[in-house]
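In: I'd like to go over a predicted model; first the sequence, then the structure.
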Amino acid sequence: MFEIIFIISITGYFILSVLFTIGVKKKFPQIKDESKLPSATVIVAARNEEDKILRTLESLEKLEYPEGKLEILLVDDQSEDSTGKIIDDFIRDKPRFKKITTEKFHSKLIGKMRALTYALDQAKGEIILTTDADCEVKPEWVKTVCSYYTEDVGLVCGFTTQEAKNGFSGMQAIDFIYLLTAGSGTVNMGIPISCIGNNMSYRKKVYDETGGYEKLPFSVTEDFILLNAVKNLKKYKILFPLNEKSLVTSIACKTWKSLIRQKKRWGVGGLGVPFIGFIIMVFGFLCNLAVLMTPLFFSPIWLYLVVFKLAIDFFVLLPVHRQLKIAENLKYFFHYQLYYLIYVIALPFIVLPNKKVIWKGRTY
């Protein structure tokens, strides 16, 4: 019986991986004439990021975009460290930048959704792009993302990786790419199930049509909630292109404790995924559970199936890493496999009994 479940699981896992690979390779038309690019607003919500935000600010300053068409809004979300002062010092005499400070009891919203709403209320750009205060963007980031906004496009997602300096950060970097490959593959096949808020963009008018965060249900994964809201409008295309010029690089979690909290937040936020999302999770869970149980069996067929599973993951990841020009990160592939094996199996037992989330010093 277990053999049948394992074979069914790995077959489903293989089919889904093929679909991810097909979807992620899809190409989309782009605006070629830079003078026709829409106006844009970049929003960064920051809370207690004094040790990281300068790197982000320096990369934002290098953004290339037509004169007068770009603004950058920095939201200091009640930071308790020197984040606000670092922003003030950096943006002095830089007209493209503007700082916004949230108030503790303003609006019914809490957390990042409130911080983003502050900025969105003031944003002037046709296209909104969001990233985080621990991220580094490329000079072509805004220009590349906005080039995908042909007439009927409402939301464009992008890839994020992490600085891979050792096995611990390297496994997280690969995990980001794997999860976003699944997200890109499904989005581009017309089944949007996930995106990432540190490399996300949308038309301001489309955001307004959803009712905005004040009308949407609260979530610790505000990106997922907005993605679903745009999908439910059934009026606009959602794209997730694989483009090296729009790649964002964040900083990996430094401790197991912070990493577990991150995974739990994503897991809790992802409980509202469409049915296909649960199918993907189930096949991932069963396939990794079978791999974990392989030592209990001594038949060569089990080892062959484990090798097959490793090969599936590698050949999904390899072309994406090459396209993004970060193939050197694959030296941490086996670190990632061990990490992936453990957290995919452990996550349901972390999320389901207790949905309390701790994030940026706040409890939700």
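Out: Yep, that arrived.
In: Point out where the stretch 151-300 of the chain drops to low pLDDT.
Out: For the stretch 151-300 of the chain, residues meeting the criterion pLDDT under 70 lie at 218-220, 266-273, 295-300.
In: one more time with 90
Out: Scanning the stretch 151-300 of the chain for pLDDT under 90 picks out 151, 191-196, 213-225, 253, 256-300.
In: residue boundaries of the helices in it?
Out: Taking DSSP state H, counting those that start in this stretch as the criterion, the stretch 151-300 of the chain contains helices spanning 167-188, 204-209, 222-233, 256-269, 275-293, 300-323.
In: what's the angle from the first one to helix 275-293?
Out: Meaning helix 167-188. Helix 167-188 and helix 275-293 are oriented at 140 degrees to each other (axes from the mean of the first three to the mean of the last three C-alpha atoms, to 10 degrees).
In: same deal with the last one?
Out: Angle, helix 300-323 to helix 275-293, by the same axes, to 10 degrees: 130 degrees.
In: now for helix 300-323, which elements pack on it?
Out: Counting contacts by 3 or more C-beta pairs under 8 Å, 6 or more residues apart in numbering; DSSP states H and E, the secondary-structure elements packed against helix 300-323 are helix 2-24, helix 167-188, helix 275-293, helix 333-351. The C-beta positions use only the backbone N, C-alpha and C, and glycine is treated the same way.
In: how far does the last one sit from the chain's center?
Out: Counting by C-alpha atoms, centre = their mean, to the nearest Å, helix 333-351 is centred 18 Å from the centre of its parent chain.
In: Pull the residues that contact that helix.
Out: By C-beta atoms under 8 Å, 6 or more residues apart in numbering, the list of residues contacting helix 333-351 from outside reads 167-168, 170-172, 174-175, 178, 260, 263-264, 267-268, 271, 284-285, 288-289, 291-292, 310, 313-314, 317.
In: Of the helices of the stretch 151-300 of the chain, flag the one that's most buried.
Out: Ranked by mean neighbour count under mean count of other C-beta atoms under 10 Å, these are led by helix 167-188, which reaches a mean of 22.
In: Just list what that one packs against, helices and strands only.
Out: Packing partners of helix 167-188 (3+ C-beta pairs under 8 Å, 6+ apart): helix 2-24, strand 153-157, strand 160-162, strand 237-239, helix 275-293, helix 300-323, helix 333-351.
In: wait, which of these is closest to residue 103?
Out: Across the helices and strands packed on helix 167-188, the minimum distance to residue 103, taken as C-beta to C-beta, is reached by strand 153-157, at 28.8 Å.
In: residue contacts, the spatially most central residue of the chain?
Out: Among the residues of the chain, the one closest to the centroid is residue 196, at 2.0 Å (C-alpha atoms, centre = their mean). For residue 196, the contacting residues are 157, 158, 160, 176, 180, 183, 223, taking C-beta under 8 Å, 6+ apart as the criterion.
In: One more: residue 283?
Out: 9, 12, 13, 16.
In: Please indicate which of those residues are buried?
Out: Under a neighbour-count criterion of 16 or more other C-beta atoms under 10 Å, the subset of the contacts of residue 283 counted as buried comprises 9, 12, 13, 16.
In: picking that back up, let me have the helices and strands packed on helix 167-188 in a markdown table, adding distance to residue 87 as columns.
Out: Shown next, in a markdown table, are the helices and strands packed on helix 167-188 (distance: least, C-beta to C-beta, whole Å):
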| stretch | distance to residue 87 |
| --- | --- |
| helix 2-24 | 35 |
| strand 153-157 | 26 |
| strand 160-162 | 22 |
| strand 237-239 | 31 |
| helix 275-293 | 36 |
| helix 300-323 | 34 |
| helix 333-351 | 34 |
